[in-house]
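# pasting the sequence and the predicted model now:
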Amino acid sequence: MFKFFAAFRKEWLILIRDLAGLIVLFIMPMIMVIILSLVQEFGWNAISKEPKIDVVFVDQDHDSLSFMIRSGLIKTNTFQLITSEKNNNINSDMARELVRQGKYQIGLVVPKGATSAIQRKVQLMVNRVVSGIMMPVHNPFLDIVDKDSVNVVVFFDPAIKGTFKNTFMSSMKEFSLKIESSMIFSSFNKELHRMFPQFNTKDQDYKETVFFTEVYPSGKSQEIFPTPTQHNVPSWAIFAMFFIVIPLTSSIIKEREEGSMIRLHTIPVNYVTIFMSKVGVYLVVCFIQFLLMILSGIFILPLFGLPALDISTNFIPLILMAIATSLAALGYGIMVGTIARTHQQAAAFGSVSIVILAAVGGLWVPIYMMPGFMKTVAGFSPLNWAWAGFIDIFLRGGHFREILPEILKLLLFFITTMSIAGIYRKFKPITGA
Amino acid sequence: MEEPIIEIRDLSKTYRGSDEPAVKSISLDINRNEIFGLLGPNGAGKTTTISILCGLFPATSGNVKIDGMDTQSEMSNIKHVIGVVPQDLALYPTLTAMENLTFFGNMFGLRGSVLRDRIFDCLTVFGMEKVANKRISSYSGGMKRRVNLIAGLLHHPKIIFLDEPTVGIDVQSRIVILDYLKKLNGEGTTIIYTSHYMEEAEHLCHRVAIIDRGRIISIGDPKDLLAQHPEFKNLENIFIHLTGKELRD
């Protein structure tokens, strides 16, 4: 133990002597969590209020349909309608060109007479139904050919993301269905009033009857609301924690290049002591990083209009999960640093492999959206185990028992990577032998 | 009869990917309390031989015993009785001399006042007590070499391996280092030493082995070697005679 503490002290002194490096170690993960959370929130999800997404809106209809689309889009608070460019009203061709140039991502043209066409179509449908009741033998409305259709044109910037396009189109279909339902109801109302004037049906409006209540079952007595912050902060925190691999591998390779490792090989001290001293020091670093990233989620993200990170959760599981994740990252770093021959090898392999492990681990794209094969691969990523554990804690109010499998997997990964590093160092000479 | 502290038998080493052995069937004994010089041109096999003796990597074949212990099976015990001063500096540049020496002393199990006194004594001998708390990165080449040497001696080893300890330093530093090695030898320490400086070896070593292309081509007391080659006036001439003037990699 004495040698461990001596090596720990040495490692700590080396770390704190590099003040610039230390600041980078602590500040960069914070910046990363803040920036990526903001980008994901505002840019990708586009579910927030600011900045709004511009939609070139060409209203040739000037009636109920265009009014409902206009008010519906404004009401979402996500879109800002652009109707003129350099003081000129935008027409259909201009809208197409502006989207083609990439100046705007979406263009929408509601054609002239769209509302009238819907009304005619609805009226014909109502007439067919009512006449079917009144004149069951010969319904003259069945002979009328239905020629009306409405073609609302939507221009999309080719660079727009598919999920965003789908969301927009869903909204548009919802608006058109709403107006059709409303018109059908109104037409029936009018017909019934005409047929039975003694009944007052004129003032009846169509009202929605199905409502949705969002419930997020959690292990806590109080429901945890799954804000984007609750999703993003743990994801990016795990990603940043695994990037400890870079300074750690650098420390190992530097020790080798500076010759100190050669001396250590001639001294009666085992590799485990040396490795564990590095793990000890960098575990402290990782934990401080994690703490800073959590504090960023609580105090800094709200300054940008994002909801604050809710950590009114189980603290002990949170701390255990942070330690297990750190150990997995450190074990990986020790292994890469031991096997890599140069800084370049370690930096390139370390960083790219973390990005890959994060991608397959579901940090960027949820696993439930991945194809079957990728779901299987995701199960082998330590970043996925860490993510699953943190999500259990942050969003499901998970207790120790729920996150125990993830903690055990991460610890097993730590032991495996450390063993590989130890065996490699024992049998592979430091010099060129 | 002199008692060998290091026994080398048929030692060979071929590096991976190389056809030519770096060391070829070397056999020799190094006696207790001897200063033994391994001399040879670049790439002769000096550093390879010392590295095997220190346990940095295994030999391809052959046996080595150090203080009666086999290097293949008892290296962890051997590490307690040897001190190594590598050819390249083996220090942490961002730590001070005191911090470096404390760390390496701790790794040998030394601690407290015993370690502090040893560090202070060594630093005083090498004229570095006033700069003990300055970072290694701020030292001159000679100062770094001196600290590098001290780090290998703190635990008072029975045997010290020095791989070109005086290369690239000023005359003053060289004199201090060589004087200190003589003092240690006087106290009973066996010293195995490689160098390119023939004159230095001639004056310091009890015996030298001239090694070239992985083989020992001559071994003995420098005076005896000079007696065997009366046509040459110093060890350097004998060395050139034996190894040739061809430039080496």
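Good, I have the coordinates.

# going forward, measure contacts between C-alpha atoms and count neighbours the same way
OK.

# mean confidence score for stretch B:34-45?
Averaging pLDDT along stretch B:34-45 yields 86.

# do the same with stretch A:267-286
Per-residue pLDDT over stretch A:267-286 has a mean of 90.

# how about that stretch: buried residues?
A:267-269, A:271, A:273-283, A:285-286 (16 or more other Cα atoms under 10 Å in any protein chain shown).

# touching that stretch from outside, list them.
The set of residues external to stretch A:267-286 that reach it, using Cα atoms under 8 Å, 6 or more residues apart in numbering or on different chains, is A:3-5, A:7-8, A:11-12, A:25-26, A:241, A:244, A:248, A:323, A:326-327, A:330-331, A:334, A:422, A:425-426, B:76-77, B:79-80, B:107-108.

# okay, and which of those residues map to helices?
Among the contacts of stretch A:267-286, the members falling in helices are A:3-5, A:7-8, A:11-12, A:25-26, A:241, A:248, A:323, A:326-327, A:330-331, A:334, A:422, A:425-426, B:76-77, B:79-80, B:107 (criterion: DSSP state H).

# now the strands for chain B?
If you assign secondary structure with DSSP state E, the strands in chain B sit at B:4-13, B:23-31, B:35-39, B:61-66, B:69-70, B:82-85, B:159-163, B:190-195, B:207-212, B:215-220.

# again, but for the stretch 51-200 of chain A
Under the criterion DSSP state E, counting those that start in this stretch, the stretch 51-200 of chain A contains strands at A:53-59, A:79-82, A:84-85, A:88-89, A:106-110, A:153-156.

# confirm A:Val365 sits in a strand?
No. Counting by DSSP: H, G, I helix; E, B strand; the rest coil, A:Val365 falls outside a strand, being coil.

# what is the burial count for the closest residue to chain B within the stretch 1-150 of chain A?
Across the stretch 1-150 of chain A, the shortest distance to chain B (Cα to the nearest Cα) belongs to A:Lys3, at 5.8 Å. Burial of A:Lys3, expressed as a neighbour count using other Cα atoms under 10 Å in any protein chain shown, amounts to 21.

# that one and B:Phe103, how far apart?
Using Cα to Cα, to the nearest Å, one gets 9 Å for the distance from A:Lys3 to B:Phe103.

# shaky segments in chain A?
Within chain A, the ranges that satisfy pLDDT under 70 run A:42-52, A:134-148, A:199-206, A:214-226, A:313, A:429-433.

# how about the residues of it by chain B?
Residues of chain A found near chain B (Cα under 8 Å from any Cα of the partner chain) are A:2-3, A:6-7, A:10, A:13-14, A:17, A:255, A:258-263, A:265-269, A:429-433.

# out of those residues, which sit inside helices?
When helices are assigned by DSSP H, the members of those inside them are A:2-3, A:6-7, A:10, A:13-14, A:17, A:255, A:260-263, A:265.

# tell me which two of those residues sit farthest apart.
A:Arg17 and A:His265 (24.6 Å; Cα to Cα).

# more crowded one of those two?
In this comparison of A:Arg17 against A:His265, neighbours counted by other Cα under 10 Å, the higher total goes to A:His265 at 21 against 12.

# mind checking how far the more buried one is from A:Arg256?
From A:His265 across to A:Arg256, the span is 11 Å (Cα to Cα).

# quick check: residues of chain B near chain A?
Residues of chain B lying close to chain A (Cα under 8 Å from any Cα) are B:15-16, B:54-57, B:76-77, B:79-80, B:83-86, B:88-92, B:94-95, B:99, B:103, B:106-109.

# just the buried residues from these, in ChimeraX please.
Filtering the residues of chain B next to chain A down to the buried ones (16+ other Cα under 10 Å) takes a single ChimeraX command:
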select /B:54,55,56,57,76,77,79,80,83,84,85,86,88,89,90,91,92,94,95,99,103,106,107,108,109
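
# out of all of them, which helix in chain B is the longest?
helix B:171-186.

# on that earlier part again, export the strands of the stretch 51-200 of chain A to JSON lines and tack on mean neighbour count and distance to A:Phe168?
Shown next, in JSON lines, are the strands of the stretch 51-200 of chain A (neighbours: other Cα atoms under 10 Å in any protein chain shown; distance: least, Cα to Cα, whole Å):
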{"stretch": "strand A:53-59", "mean neighbour count": "23", "distance to A:Phe168": "11"}
{"stretch": "strand A:79-82", "mean neighbour count": "19", "distance to A:Phe168": "10"}
{"stretch": "strand A:84-85", "mean neighbour count": "14", "distance to A:Phe168": "21"}
{"stretch": "strand A:88-89", "mean neighbour count": "10", "distance to A:Phe168": "23"}
{"stretch": "strand A:106-110", "mean neighbour count": "24", "distance to A:Phe168": "9"}
{"stretch": "strand A:153-156", "mean neighbour count": "18", "distance to A:Phe168": "10"}
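
# and of these, who's closest to A:Val129?
Nearest to A:Val129 among the strands of the stretch 51-200 of chain A is strand A:106-110; the distance by Cα to Cα comes to 28.8 Å.

# could you give the angle of that closest one to strand A:53-59?
Interaxial angle, strand A:106-110 versus strand A:53-59 (axes from the mean of the first three to the mean of the last three Cα atoms, to 10 degrees): 20 degrees.

# what does strand A:106-110 contact?
Looking at what lies outside strand A:106-110 - Cα under 8 Å, 6+ apart - the contacts are A:54-61, A:65-66, A:92, A:95-96, A:99, A:151-157.

# strand partners of it, parallel vs antiparallel please.
Taking DSSP bridges as the criterion, strand A:106-110 sits next to strand A:53-59 (parallel), strand A:153-156 (antiparallel) in its sheet.

# out of these, which gets nearest to B:Lys144?
Nearest to B:Lys144 among the strands paired with strand A:106-110 is strand A:53-59 (63.1 Å), distances taken as Cα to Cα.

# and that closest one, how far out from the chain's middle?
26 Å (Cα atoms, centre = their mean, to the nearest Å).

# ok, residues contacting it?
A:66, A:78-83, A:90-92, A:95, A:104-112.

# again with stretch B:7-22
Among residues not part of stretch B:7-22, those counted as contacts by Cα under 8 Å, 6+ apart are A:432-433, B:23-30, B:43-45, B:48, B:59-66, B:213-214.

# same check, this time on stretch B:37-49
Stretch B:37-49 is touched from outside by B:13, B:22-23, B:163, B:192-196, B:198, B:201, B:205-215, B:239, B:243, B:248-249, with contacts defined as Cα under 8 Å, 6+ apart.

# buried set for it?
Along stretch B:37-49, these residues count as buried under the neighbour rule (16+ other Cα under 10 Å): B:Gly37, B:Leu38, B:Leu39, B:Gly40, B:Pro41, B:Gly43, B:Ala44, B:Gly45, B:Lys46, B:Thr47, B:Thr48, B:Thr49.

# from chain A, how far off is the fifth one?
In other words, B:Pro41. 19 Å (Cα to the nearest Cα, to the nearest Å).

# and the second one, by the same measure?
Using Cα to the nearest Cα, one obtains 20 Å as the distance from B:Leu38 to chain A.

# what sits closest to that residue if chain neighbours are left out?
Once its chain neighbours are removed from consideration, B:Leu38 has its nearest residue in B:Thr194; the separation is 4.7 Å (Cα to Cα, 6 or more residues apart in numbering or on different chains).

# can you tell me who that neighbour pairs with across the strands?
According to DSSP bridges, the residues that bridge with B:Thr194 are B:Leu38, B:Asp163.

# coming back round to it: output the strands paired with strand A:106-110 as CSV; include the columns distance to B:Gly152.
Shown next, in CSV, are the strands paired with strand A:106-110 (distance: least, Cα to Cα, whole Å):
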stretch, distance to B:Gly152
strand A:53-59, 68
strand A:153-156, 72
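
# of these, which approaches A:Val355 most closely?
strand A:53-59 (29.5 Å).

# pLDDT-wise, which helix or strand of chain B ranks last?
When the helices and strands of chain B are scored by mean pLDDT, DSSP states H and E, helix B:235-243 comes last with a mean of 74.
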